[in-house]
Every structure is written in structure tokens, then in C-alpha cells.
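# Okay, sequence plus prediction incoming.
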Amino acid sequence: MASLPKDAFEPAQVDKSEKERIAAPALTFTQDAMRRLRQNKAAIISFWILVVIAVLAFGSFFWSPADPNHQNLTYSYLPPKWGNLNIPGLNGWNNGVDVYKANGIKDGVYFLIGTDGFGRDMLSRLLAGTRVSLIIAIIATFFDLSIGVVYGIISGWRGGRTDIVMQRVIEIISSVPNLVVVILMLLVFKPGLTSIILAIALSGWVTMARLVRAQTLQLKDQEYVLAARTLGESSVKIALKHLVPNLSSTIIIQTMFTIPSAIFFEAFLSYIGIGIPSPQASLGTLLSDAQQNLQTQPYMLVFPAIVIVLLMLAFNLLGDGLRDAFDPRSSH
């Protein structure tokens with residue numbers, strides 16, 4: 001029988017710097033999730049696109065190329081023109097005609113994405129409309145967090161009859177279409193931001209409440225929650241210290257999918273004429289106005305459509321990235 005050499009069981013001689021190099025750093029759950037998110041290029045690009053859009057939209061509160069509601073029929077239906085740059089589609093020409101020259105527009109006067117039939121600057125209206133859509137998104141997020149999360153935690157934590165009653169309430173709310181809720185709001189309020197906000201407040205939080213309830217039912221039987229209850233911690237403190245941190249991934253991911261739904265909801269309502277009223281700009285009203293002049297003034301549709309597509313794609317891609325980052329198993 002061959003014998004093993006004497007140094008076979010000696011510890012390996014590894015340089016101290018080598019030990020530090022190969023040792024993995026200790027990361028918290030959030031740090032590890034952010035590391036995975038940064039590796040998702042689509043999600044990071046989407047994040048920065050949203051940042052740029054939000055800065056431009058809310059920055060127009062303080063600086064705007066023009067008053068978005070100011071009318072000047074002299075500038076009616078001017079196509080996009082970027083200064084003296086002779087870029088096709090952005091040089092002030094439409095159907096082979098220099099519209100600026102034909103209308104006697106002074107040199108140095110141009111509109112980056114054109115004007116509408118009332119001579120209103122489309123860029124200013126696009127920024128104002130995007131701001132309205134983002135405000136709707138912020139409001140939807142607020143109701144998701146303030147009503148949906150609290151409702152779901154209470155329903156899942158209390159269980160029993162309380163849970164049964166609360167879930168029947170959710171089923172009743174879910175059975176009424178959002179469009180019907182908005183129409184009912186119009187019987188009390190004028191068309192506008194108020195009716196849309198109330199419609200979201202009444203039904204927009206239901207999905208969040210259901211997801212949070214399902215997660216709470218799982219978490220409340222975990223050992224650390226049982227230990228906290230044994231030590232006499234109050235239900236509110238347990239929810240804040242143990243449930244909410246462990247629900248954070250579900251809350252963040254659902255919020256990122258709620259936002260584009262709210263933006264599309266507002267755009268749809270404004271498009272069919274029961275959302276934001278004219279002359280106030282929103283992405284829906286811009287699309288509705290552009291649809292009437294699609295054949296002769298296609299630029300009026302192109303730019304609002306690009307913005308709403310960017311918003312929808314960016315929020316959904318960022319939501320997908322957050323889901324994969326917080327729950328790596330979902331990517332397999």
C-alpha cells in the first residue's frame with residue numbers, strides 16, 4: 001500500500017493578499033439586489049431615460065420654451081425646425097414646401113417639434129403633458145403605498161373573519177371596471193385631474209393589496225415573527241420592523257408595474273375625451289388632437305407617441321430588472 005507524503009495534511013500556504021483577493025465581500029440583501037440590478041443594462045438605461053424625462057418635464061415648471069396654452073394663429077401648423085440645420089423632417093418643410101417661408105415667419109423663429117392648429121408650441125405642450133402623466137403616476141404610487149400596502153398587511157395579519165370580509169370588499173371593487181368608476185366621478189366632478197385621481201384612489205390599489213396579503217400570510221408564520229410576538233411586540237411594531245422590510249421587494253416591483261398602467265389609463269381617458277379637458281395638455285389630448293391631422297401633420301403624432309412609448313417601455317423594463325434583482329429565481 002502506497003503511503004501518503006508527510007505534507008499531505010498540511011494547510012495550504014496562501015499569501016495573505018491572495019486570501020483577501022478571493023474572499024467575497026459580505027453584502028446585505030439590498031446591496032446584492034442592487035449589484036444584480038446594475039448588471040442589467042436594459043434596466044439601467046431605462047432608469048436614466050426616466051430620470052431625463054422627469055427632469056425635463058418637472059423642470060418645465062420653472063422654464064418652458066413658451067406658454068403651452070398660448071395661441072397665435074400666425075404660427076398655425078408649423079412643422080419642426082431645428083434652426084438652420086437642414087435635417088430632413090426637422091427643417092421646416094412639409095410636402096415639399098418651406099412652410100416657414102410660405103407663412104412669412106421671421107428668420108430666427110422656429111419650433112423644435114412644431115406647432116398645432118392654434119399656433120401653440122408643441123414642445124411646451126409635450127413637456128406639460130408628460131408632467132401631468134408623471135403626476136398621475138406619483139399619485140397612483142401614493143395610493144398603492146398608503147392604501148394597498150396597509151390594507152394587505154392588515155388582511156393577511158389578522159386573518160379569519162377580518163380577512164374574509166376585507167377580501168370580499170376587494171372582490172366587489174375589482175368587479176367594477178375603472179372606466180365605469182371614472183364615468184360615475186364625472187357625474188359629481190368636472191372632467192379633469194380630480195376625477196382620474198378619485199378613480200385611482202378607489203380601485204388602483206387592489207392588486208398591491210392582494211400581493212401584500214399573500215406575502216403577509218407566508219411571513220407571519222416565520223420564526224422571527226413568532227419570536228417577536230412571544231416577546232410581546234405590538235402588531236404595529238412587528239409590521240414596521242419585520243413585515244415591511246421583507247415585503248419591500250414585492251412592493252417595489254408592483255409599484256414599477258403600477259406606474260405605466262396609471263400613465264396609460266390617463267392617456268386613454270384623455271384620448272376619448274373624458275380625462276384632462278382642453279386646452280390643458282396631456283399625452284392623451286395630444287394624441288387625440290394629432291389623430292385628427294395625421295395625414296397632413298404627422299409630426300403632431302410622432303413626438304407624443306415616442307414619449308409615451310418610452311415611458312411605458314422604460315418603466316416595464318426597469319420593473320423587470322427590479323424583479324430579477326430582488327428575486328433571482330424569477331429569471332430562470
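Alright, I've got the coordinates.
# ends of stretch 215-224, how far apart?
In terms of Cα to Cα, to the nearest Å, the two terminal residues of stretch 215-224 are separated by 15 Å.
# How about the secondary structure of residue 250?
helix (DSSP: H, G, I helix; E, B strand; the rest coil).
# Contacts only, for it.
Counting by Cβ atoms under 8 Å, 6 or more residues apart in numbering, residue 250 touches 211, 212, 215. In short, each C-beta sits where N, CA and C put it, glycine included.
# tell me the pLDDT at the first one?
pLDDT for residue 211: 92.
# With residue 248 instead?
84.
# measure it to residue 199 for me?
Per Cβ to Cβ, to the nearest Å, residue 248 is found 27 Å from residue 199.
# repeat for residue 231
43 Å.
# Looking at the two, which is more packed in?
residue 199 (22 against 8; other Cβ atoms under 10 Å).
# I'd say residue 190 and residue 276 touch.
No - if you go by Cβ atoms under 8 Å, residue 190 and residue 276 don't touch, sitting 11.1 Å apart.
# who has more neighbours, the two?
Counted by other Cβ under 10 Å, residue 190 and residue 276 do not tie: residue 276 has more neighbours, with 25 against 9.
# Quick one: residues contacting residue 217.
So residue 217 contacts 156, 159 (Cβ under 8 Å, 6+ apart).
# host element of it?
helix 206-219 (DSSP states H and E).
# got the buried residues for that helix?
206, 207, 208, 209, 210, 211, 212, 213, 215, 216, 219 (16 or more other Cβ atoms under 10 Å).
# Following it in sequence, what is the next regular element?
helix 223-230.
# Just give the nearest non-adjacent residue to the most centrally placed residue in the chain, would you?
For the chain, the residue nearest the mean C-alpha position is residue 259 (3.5 Å; Cα atoms, centre = their mean). Of all residues not flanking residue 259 in the chain, residue 137 sits nearest, at 4.3 Å (Cβ to Cβ, 6 or more residues apart in numbering).
# Perfect, I'm done here.
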